[in-house]
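Participant: Got a predicted model here, sequence first, then my questions.
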Amino acid sequence: MSKYFGTDGIRGVVGKAITPELAFRCAASCGYLLKQSNPRAKIILGSDTRISKGMLTGAIISGFCYSGVNVIDIGILPTPALAFLIDRMGADAGVMISASHNPYEYNGIKILTKGGIKLPDEKEDEIEALMDDFDTVRPVKDLGSLSYNHKAKDFYLEHIKTACEMDLSAYTVLIDCSNGATSNTAADVFTDLDVKFDLLGHHPNGTNINDGCGSTHMEYISSRIREGKYDIGFAFDGDADRCLAVDSAGRVIDGDKILAVIAMYLKEQGRLKKDTLVATVMSNLALIEKMEQNGIKVPCTKVGDRYVLEEMMAKDYVLGGEHSGHIIFLEKATTGDGQLTAIMLLCAMAYFGMTSEDVYNVFTPYPQYLFNVTANDLQKRKLMEDEAFLSNVKKAEEIFKGKGRILVRPSGTEPYIRILVEGKNQSEVEATARDLKASTEIRLEQIF
């Protein structure tokens, strides 16, 4: 288990897990490695709207300049914008200061390489080793420089708008920017696509990111969409790498249903390579059944968009994603992109003549119950190795007799063990989940 890096970079509460000193050491260590392969290395740096961005941005700029790497600050932009701009701007890497869907008290450091790809585990290990043996990272004679490019946003906006191949002018859309990065981009995107729209959560103040809004609080847009005559609503998270939707009645359209409709759209156009959609083990079994009915194969990876992307790139697939709304359309992006996802879903709806209600009803998901059990890193590791706990899980699985499943995974970004129970019978699912939650909490107490 990594000391600093989780499944999506370094992330934690600011002032505790995330400090200026840690950010400086991380940037200087990363810069040290970059300089070994390119003496004139440069990185681009972006952030979401958290109040801590100034403190951490300053520390990261200092760290890269200390190691002789030039820094171009592109300001507040979505993570997928940073991923695209690395190659567009001729940079060696990109660093995003964001904690994605977490509340403002959190922040994080996400490092992307050329092509907008997340760092492989071995590179993260090298950076961690240097962070812990920091005397190795000496200041260089030719320090790095800092410059700004706030027009870089325009390159990204033009890029994602090229994904639109349908007339979308008939749609009226409600958009929740989560008081995050799309507060700086959504109006430009949807205006240029001739979509009629209203915005929610687009007045960030540094502390209201993801606060009762965005893709982690769908109740906000669900209640507001019923107040107007909207065809569909879209909600992004803080750094806009995920998107969920609501139909005109306010019912949530999750990532599985979005994936299903876009997959069928691409297949109809002959653009779904190998007739394959990549999902994760968290995707609903009903998605797999729906895709099979439409001649689409669905290999499933571990949870995490990085694993989805790895499978897509290794097997030359073009579409993949997660139930949570991370959708990767590899023709245009190497990361989940909330705004791109919204464009692609609107195009699919226009192509098929679908309403948002049709999207919501594209399949009926199996009943699921997802619960979190609070656990620190040590507790996560011990529990996942505990024979008594694993035996309890196996006994619970036997209840479904092959017509359901139980998934247990330690969160890579939050202090939780996440447990998903899924089956065809709602009451059976809920009862099994309640029993398993209780036994898990008891087992944790017994271990510690």
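Facilitator: Done, it's in. Residues are numbered from 1 along each chain as shown.
Participant: mind checking the longest helix of this structure?
Facilitator: Of all the elements of type helix in the chain, the one with the most residues (DSSP state H) is helix 426-447.
Participant: hmm, who's touching that one?
Facilitator: Here helix 426-447 makes contact (CB atoms under 8 Å, 6 or more residues apart in numbering) with 367-369, 371, 373, 375, 379, 382-383, 386, 388-389, 392-393, 396, 399-400, 404, 406, 417, 419, 421-423. Glycine gets a C-beta too; all of them are placed from N, C-alpha and C.
Participant: What distance do you get for the residue lying closest to D192 once chain neighbours are set aside to V173?
Facilitator: Distances taken as CB to CB, 6 or more residues apart in numbering put K161 closest to D192, at 5.7 Å, once the chain neighbours are dropped. Separation of K161 from V173 (CB to CB, to the nearest Å) stands at 15 Å.
Participant: repeat for I160
Facilitator: I160 is 15 Å from V173, by CB to CB.
Participant: just M354 next, same as before
Facilitator: 14 Å.
Participant: Compare these two (neighbour count), which wins?
Facilitator: Between M354 and V173, V173 has the larger neighbour count (other CB atoms under 10 Å), namely 23 against 19.
Participant: If you count neighbours, what's buried in the strand or helix carrying that one?
Facilitator: Here V173 sits within strand 172-176, counting by DSSP states H and E. The neighbour-count check on strand 172-176 (16 or more other CB atoms under 10 Å) flags 173-176 as buried.
Participant: just stretch 292-304 next, same as before
Facilitator: Neighbour counts using 16+ other CB under 10 Å place 296, 298-301, 303-304 of stretch 292-304 among the buried residues.
Participant: Quick check: the farthest pair among the residues you listed?
Facilitator: Maximum pairwise distance in these, criterion CB to CB, is 21.9 Å, between I296 and G304.
Participant: next one: stretch 336-343 to chain centre, how far?
Facilitator: Averaging C-alpha positions (CA atoms, centre = their mean, to the nearest Å) puts stretch 336-343 11 Å from its chain's average.
Participant: Let the chain start at 846 from now.
Facilitator: I'll keep to 846 as the first residue from here, and by that count the last item is stretch 1181-1188.
Participant: who touches that stretch?
Facilitator: Outside stretch 1181-1188, the residues that reach it (CB under 8 Å, 6+ apart) are 923, 925, 1005-1006, 1008-1009, 1013, 1018, 1020, 1027, 1030-1031, 1034, 1038, 1060, 1079, 1081-1082, 1085-1088, 1090, 1103, 1107, 1150, 1166-1167, 1170-1174, 1177-1178.
Participant: same question, stretch 1230-1243
Facilitator: The contact list for stretch 1230-1243 (CB under 8 Å, 6+ apart) reads 1228, 1249-1251, 1253, 1266, 1277, 1280-1281, 1284-1285, 1288, 1291-1292.
Participant: Redo those residues as CSV? Include pLDDT and neighbour count.
Facilitator: Supplementary listing: the contacts of stretch 1230-1243 in CSV, determined by pLDDT from 0 to 100; neighbours: other CB atoms under 10 Å:
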residue, pLDDT, neighbour count
L1228, 92, 21
G1249, 86, 21
R1250, 89, 15
I1251, 92, 23
V1253, 90, 19
V1266, 94, 28
T1277, 92, 22
D1280, 91, 15
L1281, 92, 24
S1284, 90, 17
T1285, 90, 21
R1288, 90, 19
Q1291, 86, 10
I1292, 82, 14
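Participant: Nearest to M1157 among the residues you listed?
Facilitator: For the contacts of stretch 1230-1243, the nearest to M1157 is R1250 (23.5 Å; CB to CB).
Participant: Which residue is the nearest non-sequential neighbour of E950?
Facilitator: Here the residue nearest E950, using CB to CB, 6+ apart, is V858, at 5.4 Å.
Participant: Past the helix or strand containing the one you found, which element shows up next along the chain?
Facilitator: V858 is part of strand 854-858 when elements are defined by DSSP H and E. Next along the chain after strand 854-858, taking DSSP H and E as the criterion, comes helix 865-882.
Participant: buried residues in that following helix?
Facilitator: 865, 867-880.
Participant: got it, and stretch 890-902?
Facilitator: Quick answer for stretch 890-902 (16+ other CB under 10 Å): 890-898, 900-902.
Participant: can I get those residues in CSV with distance to G989, secondary structure and pLDDT?
Facilitator: Below are the buried residues of stretch 890-902 laid out as CSV (distance: CB to CB, whole Å; DSSP: H, G, I helix; E, B strand; the rest coil; pLDDT from 0 to 100):
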residue, distance to G989, secondary structure, pLDDT
L890, 12, strand, 98
G891, 17, strand, 98
S892, 18, strand, 98
D893, 24, coil, 98
T894, 26, coil, 98
R895, 24, coil, 98
I896, 26, coil, 98
S897, 23, coil, 98
K898, 20, helix, 97
M900, 19, helix, 97
L901, 17, helix, 98
T902, 14, helix, 97
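Participant: quick check, nearest of these to S847?
Facilitator: L901 (19.4 Å).
Participant: Please name the residues that touch the closest one.
Facilitator: Contacts of L901 by CB under 8 Å, 6+ apart are 859, 863, 865, 868, 892, 942, 952, 954.
Participant: Do you know the pLDDT at the fourth one?
Facilitator: Going back to what we said before, that points to A868. If you check A868, the pLDDT there is 98.
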